[in-house]
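Undergrad: Based on what follows, work out the 3D shape:
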Amino acid sequence: MVCQLNLLSASVFSGEGSTSSAELVTLKNRNGLVAQFTNYGARWVSMWTPDRDGCMGDILLGFDTLDGYLMAGEQYHGAIVGRVCGRINNARFTLEGQEYLLASNDAYGKPVRNHLHGGMAAFHNRFWKSRLFVTSSGEEAVEFTTCSPNGEEGYPGNLEVKVTYLLKDNNTLRMECEATTDRLTPVNLTNHAFFNLQSSFGITDKKNVLSHNLTLNASAIIECDNGLIPTGRLLPVNGTLLDFRLPHTIASSLTEEHSQIQKGKGFSLAYAWIKKKRAN
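TA: Numbers count the residues shown, from 1 in each chain. Next up is the predicted model:
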């Protein structure tokens, strides 16, 4: 078993002789952890961490090249999604008495398909400006910025967005999202990373996430309708296999005959976290 890093290469990622605007940014901490990002979608593209034996593995799902992301059936690997992550029912909303019609780009929704993750020419599908820097404590970080003009994908207001990824020496990756606007407008940003924590040293060794033991400090899930739009109701997970307050495998929960699993054709669930009470 070989314990070594196999980091993405900037030249390979962009393509030989490429005139692409794609950049590859690498952050390292003093413990040997490595995180890599690209300005295409302000994406998190790799995360190298040690397993229980100290061998390094990339626990983030993604591609070795920009073309991989451009041609993927799943558009959002590791990307910043917005202006609004998730679905907006029938691709429209009303704000201060005015209705705004958005890009209708979801597979779900009737009579009009929903708006999904900010639309088609959204934050995941553009090149951001990047700035690599080192903090006063010596930790490496990268800042991505972009501007969404008034009316883009149907949203009101000019929106300036900044996303900062900081790889800390306590082995955490910190993401901060900031947005400023000149008009009232909805904003809800997130990163759409997919993880597989199974240590791997070759294609034959790689296992899927169904064998993962999962723990979630959540007592309820958010109910969604047939179009995967939240209804506003919280469904308690007590007595179901969707209760992960005690660890069990993801695979065991997929056997649950639960309406929310059937609607999402698998795990497409939003859990409601239990807030810890602050000491007085």
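Undergrad: Please give me every residue in contact with residue 62.
TA: 43, 45-46, 68-69, 77-78, 194 (C-beta atoms under 8 Å, 6 or more residues apart in numbering). (C-beta placed from N, C-alpha, C; glycine too.)
Undergrad: any idea what sits nearest the residue nearest in space to the middle of the chain, other than its immediate chain neighbours?
TA: Centroid-nearest residue in the chain, with C-alpha atoms, centre = their mean: residue 192, separated by 1.3 Å. Leaving aside its sequence neighbours, residue 192 sits nearest to residue 76 (C-beta to C-beta, 6 or more residues apart in numbering; 3.9 Å).
Undergrad: ditto for residue 107
TA: Using C-beta to C-beta, 6+ apart, the closest residue to residue 107 is residue 113 (7.2 Å).
Undergrad: what's around the one you found, how many residues?
TA: 17 (other C-beta atoms under 10 Å).
Undergrad: Then residue 222?
TA: 16.
Undergrad: How about the one 10 residues further on?
TA: The burial metric for residue 232, expressed as a neighbour count using other C-beta under 10 Å, is 7.
Undergrad: Specify the local secondary structure of it.
TA: Of the three states, residue 232 takes strand under DSSP: H, G, I helix; E, B strand; the rest coil.
Undergrad: Roughly how far does it sit from residue 183?
TA: 26 Å (C-beta to C-beta, to the nearest Å).
Undergrad: same check, this time on residue 135
TA: 33 Å.
Undergrad: returning to what we had before: what's the farthest-apart pair in the contacts of residue 62?
TA: Taking C-beta to C-beta as the measure, these span a maximum distance of 13.6 Å, between 68 and 194.
Undergrad: Contact partners for the residue nearest to residue 107?
TA: Taking C-beta under 8 Å, 6+ apart, one finds 90-91, 104-107 in contact with residue 113.
Undergrad: per-residue pLDDT, it?
TA: Residue 113 is assigned 94 on the pLDDT scale.
Undergrad: before we move on, the earlier item: among the contacts of residue 113, name the buried ones.
TA: Using 16 or more other C-beta atoms under 10 Å as the burial test, the contacts of residue 113 include 90-91, 104-106 as buried.
Undergrad: Might you list the low-confidence residue ranges for the chain?
TA: 1-3, 16-19, 199-206, 256, 262-266, 276-280 (pLDDT under 70).
Undergrad: What segments of it are helices?
TA: Remark: helices assigned in the chain by DSSP state H are 10-14, 66-71, 250-253, 259-264.
Undergrad: and residue 168, which of these is closest to it?
TA: helix 10-14 (23.6 Å).
Undergrad: Run through the residues that contact the closest residue to residue 93 other than its chain neighbours.
TA: Using C-beta to C-beta, 6+ apart and skipping residues adjacent in sequence, the residue nearest residue 93 is residue 100, 5.7 Å away. For residue 100, the contacting residues are 92-94, 154-156, by C-beta under 8 Å, 6+ apart.
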